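Trainee: Sharing a sequence plus its predicted fold:
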Amino acid sequence: MLSRFVIHGPAAVVLPKDIFPLDIRGVRRYALRVIRSFRHAGIERFFRTGSKAGIQPKHAAKLAAQLFALNRAKSAKDMNAPGWVLHALKGNIEGHWSIRVSGNWRLTFAFEEEDAVLVDYQDYH
């Protein structure tokens, strides 16, 4: 999920360096680099719940891997996996990136600092 909660106590917690602690009313919340926003409701639902409603079911396995990677990525360059064909977009969507899901289907996104934003799933050719 997007964050992890740990109650203060005697148990030691070792955290990766990309997790930032925030203390909120006695509960320590660790915020990870995450996908912060979606443009496509179906891809957001798939990411949060696993529901295939709103996406091509045959793309589910690859989308799951791509969304997992995007959720952990610090920059677009981290999404340059073999077969994903990462490329920068031009024109009115300059600053956005695209990776291939299958055929004409693409997962597009941008980064603000180290967080992915405006994640979309589209057949754009």
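Mentor: Here it is on my side, so go on.

Trainee: Give me the residue ranges of the chain where confidence is low.
Mentor: Flagging of the chain using pLDDT under 70 yields the residue ranges 1-33, 125.

Trainee: which residues touch the longest helix along it?
Mentor: When the chain is scanned for its longest helix (criterion: DSSP state H), the result is helix 60-72. Outside helix 60-72, the residues that touch it by C-beta atoms under 8 Å, 6 or more residues apart in numbering are 32-35, 43, 46-47, 52, 55, 78-79, 81, 84, 99, 101-102, 107, 109, 116, 119, 121. Backbone N, C-alpha and C define where each C-beta goes, glycine included.

Trainee: Could you do stretch 103-119 as well?
Mentor: 33-40, 43-44, 47, 56, 59, 63, 66-67, 70-71, 73-76, 89, 93, 95-101, 120-125.

Trainee: follow-up on the earlier one: return a ChimeraX selection command for the buried portion of the contacts of helix 60-72.
Mentor: Those of those that count as buried under 16 or more other C-beta atoms under 10 Å are selected in ChimeraX with:
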select :32,33,34,35,43,46,47,55,79,84,99,101,107,109,116,119,121
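
Trainee: From the contacts of helix 60-72, which land in helices?
Mentor: Within the contacts of helix 60-72, residues falling in helices by DSSP H are 43, 46, 47.

Trainee: what sits against the last one?
Mentor: Right, the one you point to is residue 47. By C-beta under 8 Å, 6+ apart, residue 47 lies in contact with 35, 38, 67, 71, 119.

Trainee: let's see it at 7 Å
Mentor: Contacts of residue 47 were listed using C-beta atoms under 7 Å, 6 or more residues apart in numbering, and they are 35, 67.

Trainee: ditto for the first one
Mentor: For residue 43, the contacting residues are 55, 119, 121, by C-beta under 7 Å, 6+ apart.

Trainee: Same question for the second one.
Mentor: Taking C-beta under 7 Å, 6+ apart, we find residue 46 in contact with 52, 54, 55, 63.
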